[in-house]
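J.: Build the 3D model from these lines:
(chains A, B, C and D)
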Number of protein chains: 2
Amino acid sequence: MVKAIPGKAVKRLTLYHYILSDCTRQNVEHISSQQIAGLLQIDDSQVRKDIALCQTSGRTNVGYKAAELKKAIEQALGFKEKKSAFIIGAGNLGRALARHTDFQDYGLDIVALFDTDPAKIDTLVNGRKVFHISELFHISTRENLVNKQKVEIAILTVPGAAAQKSAELLLQSQIKYIWNFTPAVLSVPDNIRVYNENLMGNFLDFTKN
Amino acid sequence: MVKAIPGKAVKRLTLYHYILSDCTRQNVEHISSQQIAGLLQIDDSQVRKDIALCQTSGRTNVGYKAAELKKAIEQALGFKEKKSAFIIGAGNLGRALARHTDFQDYGLDIVALFDTDPAKIDTLVNGRKVFHISELFHISTRENLVNKQKVEIAILTVPGAAAQKSAELLLQSQIKYIWNFTPAVLSVPDNIRVYNENLMGNFLDFTKN
DNA sequence: CTGTTTCTGCTAGAATAATAACATATGGTC
DNA sequence: GACCATATGTTATTATTCTAGCAGAAACAG
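T.: Residues are numbered from 1 along each chain as shown, chains lettered A, B, ... in the order given. Next comes the predicted model:
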């Protein structure tokens, strides 16, 4: 049985993963927990503990084999498990995220966008079509669009004032996760999980001290 | 002496703040810690503890006065202290953030954007000019542009591959904080603080369980 | 005006997370 | 081959954060 990886560890592991990609690019074969810790200004035993969660191990006096550790992290965090998402709100931020190439590297595929603005309907953003929000139910049940995979993730990028209403429309779809980029606090049933990206909270925390 | 507010509390307080704005909009005068806790699916004593950090108090059997608490949070988190920022990288995400109207509500003002693409230089994004990155030093020392206030915050939205180089260019400016929206892990001197927005880390954490 | 209900503000306890410490093992050196 | 330096893996310790519980104050009802 693989034990669950705590959220904080997940975030750190994605950063280690980036560092390991750098190693590959620069043909560095091995890296130590101390080196990783130094780059992130954290404790080296923290790094070793996080890595221990990934079913891999390093070698005494040498460190970790970069390529191997990178794979282990991808495995543990499920980069390879493809996930499909809708973007709700094809404004500036929504379109920017639809064009965000990094997502694919982590297994996240944007399937379609939704909006209410007639001028945007049927346009393409990075090859993905923008639908009217009223088509949500219809589209979300068209299996062929999404390779027989249910779309369970909605990325919410509407204006704050429209956020709650949009969230309610999502109840008609098979959405289970709402990644909320608006500042709004959403009220949704228990079976839907919301993650508030809360940009301003992060910002205030960061600039406070 | 006002004690420092821990990061997690800051994030929750910004969410409470949004809820309180809703109260104002709906002419709700009072709100209890239980109501707030219910909306966010957290513990009510947590809410009271966070609020206690804000130098304000509620009334037994009534709750908190929404308008008053809202102000106290703004005070405690420094919404009113204007902060100026540069956006480094006028791509999709950078331009979307420059147009993001929410920032102003929290005291964050985007002063200018920077890029290397000649096609973008001297264009306007939401009224802010795009400069060539080589002008960074020049612009950052032109006091009139920024109302005699130093620009200490850089919002980094370049492609991951360019992130480290961009960060190094920032050393020529008066930047103290880098809000890193790229997946890159940056190497910078100790006097500069980096906050990794780490979108994919948040995402993986969120969809993992 | 007395009892009841409700909600705050604390305090105490439990659970998590971060740091430190150390035993063990491997590669390199003389 | 013996010794030294270094890095892992794990255990112990400390710090932080969250949850639970309760005493006391204010509104309200009868």
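
J.: So which residues make contact with the worst-scoring helix or strand of chain A on mean pLDDT?
T.: Least confident helix or strand, chain A: helix A:136-140 with a mean of 87, by mean pLDDT, DSSP states H and E. When contacts are defined by C-beta atoms under 8 Å, 6 or more residues apart in numbering or on different chains, helix A:136-140 is touched by residues A:86, A:112, A:114, A:131, A:145, A:150-151, A:169-170, A:172-175. The C-beta positions use only the backbone N, C-alpha and C, and glycine is treated the same way.

J.: Turn these into JSON lines, including distance to B:Leu53.
T.: Compiled in JSON lines, these are given as follows (distance: C-beta to C-beta, whole Å):
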{"residue": "A:Phe86", "distance to B:Leu53": "38"}
{"residue": "A:Ala112", "distance to B:Leu53": "43"}
{"residue": "A:Phe114", "distance to B:Leu53": "39"}
{"residue": "A:Phe131", "distance to B:Leu53": "44"}
{"residue": "A:Leu145", "distance to B:Leu53": "48"}
{"residue": "A:Lys150", "distance to B:Leu53": "42"}
{"residue": "A:Val151", "distance to B:Leu53": "40"}
{"residue": "A:Leu169", "distance to B:Leu53": "36"}
{"residue": "A:Leu170", "distance to B:Leu53": "34"}
{"residue": "A:Gln172", "distance to B:Leu53": "40"}
{"residue": "A:Ser173", "distance to B:Leu53": "39"}
{"residue": "A:Gln174", "distance to B:Leu53": "40"}
{"residue": "A:Ile175", "distance to B:Leu53": "35"}
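
J.: which of these tops the neighbour count?
T.: A:Phe114 (28 neighbours; other C-beta atoms under 10 Å in any protein chain shown).

J.: The helix or strand harbouring it near chain B at all?
T.: Element membership of A:Phe114 [criterion: DSSP states H and E] is strand A:108-115. Yes: figure legend: strand A:108-115 in contact with chain B (C-beta under 8 Å from any C-beta of the partner chain); contacting residues A:Leu108.

J.: Give me the helices and strands touching that strand, please.
T.: Of the remaining helices and strands, those touching strand A:108-115 by 3 or more C-beta pairs under 8 Å, 6 or more residues apart in numbering or on different chains; DSSP states H and E are strand A:83-88, helix A:92-98, strand A:128-132.

J.: Give me the nearest residue to A:Val125, chain neighbours excluded.
T.: For A:Val125, ignoring the flanking residues on the chain, the nearest one in space by C-beta to C-beta, 6 or more residues apart in numbering or on different chains is A:Ala98 at 4.5 Å.

J.: What score does the one you found have for pLDDT?
T.: A:Ala98 is assigned a predicted lDDT (pLDDT) of 97.

J.: now do the one 10 residues further on
T.: pLDDT, the model's per-residue confidence, is 95 for A:Leu108.

J.: tally of neighbours for it?
T.: A:Leu108 sits with 23 neighbouring residues when counted by other C-beta under 10 Å.

J.: can you check A:His138 too?
T.: The local packing of A:His138 (other C-beta under 10 Å) involves 12 other residues.

J.: Show me what from chain A comes close to DNA strand C.
T.: Within chain A, the positions lying close to DNA strand C (C-beta under 7 Å from any atom of the strand) are A:6-9, A:42-43, A:45-46, A:49, A:59-62.

J.: ok, now how distant is the closest residue to DNA strand D within chain A from chain B?
T.: Of all residues in chain A, A:Ser57 sits closest to DNA strand D, with a separation of 2.7 Å (C-beta to the nearest atom of the strand). From A:Ser57 across to chain B, the span is 22 Å (C-beta to the nearest C-beta, to the nearest Å).
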